[in-house]
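Engineer: Take a look and give me a structure for this.
(2 chains)
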Amino acid sequence: MTLAETKPGTCYRIISIPDEHIRNMALRFGIGEGATIYCEHRLMKGPVIVSRYQQRMAIGYDLAQGIEVVVHLVGVAGRASKEIFPGAMDRVGGKPQCR
Amino acid sequence: MYVDVSNYPGTTVDVHWGRLGKDLLIDTPGIYGVSMFNDEEEVARRIILEADCIINVVDGVRLHKDLFLTLQLIDLGLPMVVALNMMDELQKCRMQIDIEKLETLLGVPVIPMVAVRGQGLDKLKDAIRHPRRGLVDPWLRSQLVHLHREHAAIGSPREALLVLENDPELTRKYNVYPKIRERIYGARRRRADWIVEQCVRKLPDRKKERRWLERLLTQPLTGFPLFILIMVILYFIVGVLVAQLLVGFLEEGLFQGVYEPWISSLVSRMLPQASIFAQLLVGPFGALTMAVTYLFGLLLPLVLGFHLSVGFLEDSGYLPRVAVLADRGLNKIGLNGKAVIPLLLGFGCVTMALVSTRILGSKREQTIATALLCLVIPCSSQMGIIMIMLASLGLRAMLFYLLLMLLVFILAGLLLSWFLPGRSTQLFIDLPPLRWPRFSNVLKKALSRSVSFLKDAGPLFLAASLLIGGLEWMGLLPWLERLFAPLTVSWLLLPKETTVPFIMGLLRRDLGAAGLYSLDLSPQQMLVSLTTITFFVPCIASMLVLFKERGVKQGVCIFIGTLASALLLGGLVARLLV
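Structural biologist: Numbering: from 1, shown residues only, chains lettered A, B, ... in the order given. Modelled structure (predicted):
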């Protein structure tokens, strides 16, 4: 699926960013292929707001349509997720937070 | 040295400098990396490569993002100091940074700071005396050694790294085109992430993080009404409290009631009233009467009020949220949401806003934004006078004026995006945290910008009043009014006396608007003259920046385009209202 189709409140892992220039810019911002991001909010046919650590970014719709992502699975129980993805997710203050 | 900073990207797009003892201190534009991805990076890159020492200011809360640039500066082999800022916000976010470990992993001094309160400044000044070169990635070091062996002509390590990162200027200079930039960036990003994992600890939050405000501001259903509400509040502060109440007291009560009679009697004791010098100084267009009253009694309070209001918006972090809201609409006219920043800044000062178009991603977007700024956006001083005049015309006139501006904005944007070649970039913007602005910072910025306004506008007002005063004394004003009558009287359906304000408007639009404000016009004539002066040519300061930023050819096209559009639209509105 693409970033433009993500659901707010879910974590995703970035699979690919096709445009080389955008890939390099994204690395500077702190996200790259393989990074996990949290979808904060999505405007219909508009920008997607994602966060990673304490940082929030807004990505335009056309750009988000070109970024491939996959759901970063947590599992129903927090303990199970840590066994599958050690250190990948922490529950902080009751809300899942992507590293 | 005071430098404007704000809670959104693009405030510093120019270079500021000052002295620290015998040393020259240069503030570069804010960047995410050293390359030539945009104009800000190009400017910063040149300064960084020549510097003896770098002070890298890093946001402690968003360390993982800023560490990319820090590591790039370390890889460039530059002696540096890291100023770890926003330590107060770090505490509020219940985060901790192991500063000693960070220093060890980077290999450079790290000074914790809260810059707005001056905390840590003394330690920073000491640390600058002993900067260090940091720890370069061993894999990258081997790549640099390999490059030196293959291409001995590449002299410095700084240039070598930039060649490996495909710097366009240096790869052309040495005729070397490596293809490992992405590997370098990927390795640097992984290193930054690893350092953050080692040094940063987040303590459990006592309460859940509130994201509702973010959604409220960026969802169209709530975001647009909130934006309109904020603009109405801004209008009330600037257009009613300042423009009507404060300006009413200052201009009419203080300057025209007390100051002008006093200065006229003072000058008339020294010079004959009919002499050219007396006319130039204290005549109807006198340098000591009209120019001073307009500058200090009318425009300065409006400009200060506007910059105070906009300063709150800037420092709150709200403007990037407006960019998110506006992105979809701006895409239709060849721009993205980031363009909202220079467009909104243009309501403060078009000259400043023209410089800030550098933050836009392509020349095409910069040209579109520049043309819209010159054509449609009135600056704060002009806007203040327009608001006073519109308020006297009633709500219908105000709505008509606003709708007309919106229509021209959309039409001009569509035409430019259809006919200008090239591609526009997509929105990819950092959203700074929402925070209560510090009043002291907002006040300092507003005062600094108002003083800049006085320095820019003062000499031009003086020149305009001397020019018009001289023309009046020589009896040439009636001749000028007859010369331009085909435009002002026949086409715009305005009295011939409006010629002088429009000539003044060639120097500064706010001066032209002020001239129209003093005339006795009917409501329809006032609306026509407001329409014309809004779309009129940019002021001289803006024209100079326009020629510098966009070149002579584009500058001339925009000048002729705005003049023709202003006269055409003014005439059409005149015929619509008759």
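
Engineer: near chain A at all, stretch B:190-199?
Structural biologist: Yes - counting by Cβ under 8 Å from any Cβ of the partner chain, chain A is contacted by stretch B:190-199 at B:192, B:193, B:196, B:197. (Glycine included, C-beta is placed from N, CA and C.)

Engineer: Send me stretch A:63-77 as CSV with only the CA atoms.
Structural biologist: Taking Å, rounded to 0.1, in the frame of the first residue of the first chain, the C-alpha atoms of stretch A:63-77 are listed here in CSV:
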residue,chain,number,x,y,z
LEU,A,63,4.4,12.4,-3.0
ALA,A,64,2.6,10.1,-0.5
GLN,A,65,1.1,8.2,-3.4
GLY,A,66,4.7,7.2,-4.5
ILE,A,67,5.9,6.0,-1.1
GLU,A,68,5.3,2.3,-0.5
VAL,A,69,4.7,1.2,3.1
VAL,A,70,3.6,-1.8,5.0
VAL,A,71,1.8,-2.1,8.4
HIS,A,72,4.4,-2.4,11.2
LEU,A,73,2.8,-5.2,13.2
VAL,A,74,2.5,-4.8,16.9
GLY,A,75,0.3,-7.8,17.8
VAL,A,76,-2.5,-7.7,20.2
ALA,A,77,-0.4,-8.2,23.3
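
Engineer: what about it and chain B, touching?
Structural biologist: Yes - under the criterion of Cβ under 8 Å from any Cβ, chain B is reached by stretch A:63-77 at residue A:63.

Engineer: Run through the chain and note the low-pLDDT ranges.
Structural biologist: Picking chain A for this. Applying pLDDT under 70 to chain A flags residues A:74-99.

Engineer: sorry, should have said chain B
Structural biologist: In chain B (pLDDT under 70), the answer is B:1-14, B:204-210, B:239, B:243, B:578.

Engineer: Can you spell out the domain ranges of it, please?
Structural biologist: B:1-205, B:220-427+B:438-577 (automatic domain parsing).

Engineer: Can you say which of these is packed in most?
Structural biologist: domain B:220-427+B:438-577 (a mean of 19; mean count of other Cβ atoms under 10 Å in any protein chain shown).

Engineer: for that domain, how far is the first residue from the last?
Structural biologist: End-to-end span of domain B:220-427+B:438-577 (Cα to Cα, to the nearest Å): 35 Å.

Engineer: Under a three-state scheme, what state does the spatially most central residue of chain A occupy?
Structural biologist: Compute the mean C-alpha point of chain A, and by Cα atoms, centre = their mean the closest residue is residue A:37, 2.3 Å away. Under DSSP: H, G, I helix; E, B strand; the rest coil, the three-state class of residue A:37 is strand.

Engineer: follow-up on the earlier one: nearest to residue A:4, out of the domains of chain B?
Structural biologist: domain B:220-427+B:438-577 (11.4 Å; Cβ to Cβ).

Engineer: now the closest one, how far from the chain's geometric center?
Structural biologist: 15 Å (Cα atoms, centre = their mean, to the nearest Å).

Engineer: try stretch B:35-53
Structural biologist: On Cα atoms, centre = their mean, the centre of stretch B:35-53 falls 20 Å from the chain's centre.

Engineer: what's near enough to touch residue B:200?
Structural biologist: By Cβ atoms under 8 Å, 6 or more residues apart in numbering or on different chains, the contact list for residue B:200 reads B:63, B:64, B:95, B:96, B:97, B:98.

Engineer: rerun at 6 Å
Structural biologist: residue B:97 (Cβ atoms under 6 Å, 6 or more residues apart in numbering or on different chains).

Engineer: For residue B:464, state which of the residues of stretch B:190-199 next to chain A is nearest.
Structural biologist: Looking across the residues of stretch B:190-199 next to chain A and measuring by Cβ to Cβ, the closest to residue B:464 is residue B:192, at 54.3 Å.

Engineer: The closest one contacts residue B:68, correct?
Structural biologist: Yes - counting by Cβ atoms under 6 Å, residue B:192 touches residue B:68, with 5.4 Å between them.

Engineer: all strands for the chain, in order.
Structural biologist: You didn't say which chain, so I picked chain A. Secondary structure of chain A (DSSP state E): strands located at A:10-16, A:36-42, A:48-52, A:55-59, A:68-71, A:89-92, A:95-98.

Engineer: Actually, chain B is the one I wanted.
Structural biologist: B:16-20, B:23-27, B:54-59, B:80-85, B:95-97, B:110-112, B:200-202, B:428-431.

Engineer: before we move on, the earlier item: hmm, the residue nearest to the centre of chain A is touching residue A:50, no?
Structural biologist: Yes - using Cβ under 6 Å, residue A:37 makes contact with residue A:50 at a distance of 4.4 Å.

Engineer: Return every residue with contacts to both of those two.
Structural biologist: With Cβ under 6 Å, 6+ apart, residue A:37 and residue A:50 have no common neighbours.

Engineer: got a list of what the residue in the stretch 451-578 of chain B that chain A sits nearest to touches?
Structural biologist: Chain A sits closest to residue B:549 of the stretch 451-578 of chain B, with a gap of 22.9 Å, by Cβ to the nearest Cβ. By Cβ under 6 Å, 6+ apart, the contact set of residue B:549 is residue B:354.

Engineer: Repeat the analysis, applying 10 Å as the threshold.
Structural biologist: B:39, B:354, B:355, B:357, B:358, B:366, B:367, B:370, B:555 (Cβ atoms under 10 Å, 6 or more residues apart in numbering or on different chains).

Engineer: Out of the strands of chain B, the one nearest residue B:486 is which?
Structural biologist: Per Cβ to Cβ, nearest to residue B:486 of those: strand B:16-20, 47.5 Å.

Engineer: Now find how far off-centre that closest one is within its chain.
Structural biologist: 21 Å.

Engineer: now the helix ranked longest in chain A, how far from the chain's geometric center?
Structural biologist: Using DSSP state H, we find that the single longest helix of chain A is helix A:20-29. How far helix A:20-29 lies from its chain's middle: 15 Å, per Cα atoms, centre = their mean.

Engineer: picking up where we left off before, for the strands of chain B, which one sits closest to residue B:505?
Structural biologist: Between residue B:505 and the strands of chain B, the shortest separation by Cβ to Cβ is 31.1 Å, and it involves strand B:16-20.

Engineer: Spell out whether stretch B:77-91 and chain A are in contact.
Structural biologist: Yes - residues of stretch B:77-91 contacting chain A under Cβ under 10 Å from any Cβ of the partner chain: B:89, B:90.
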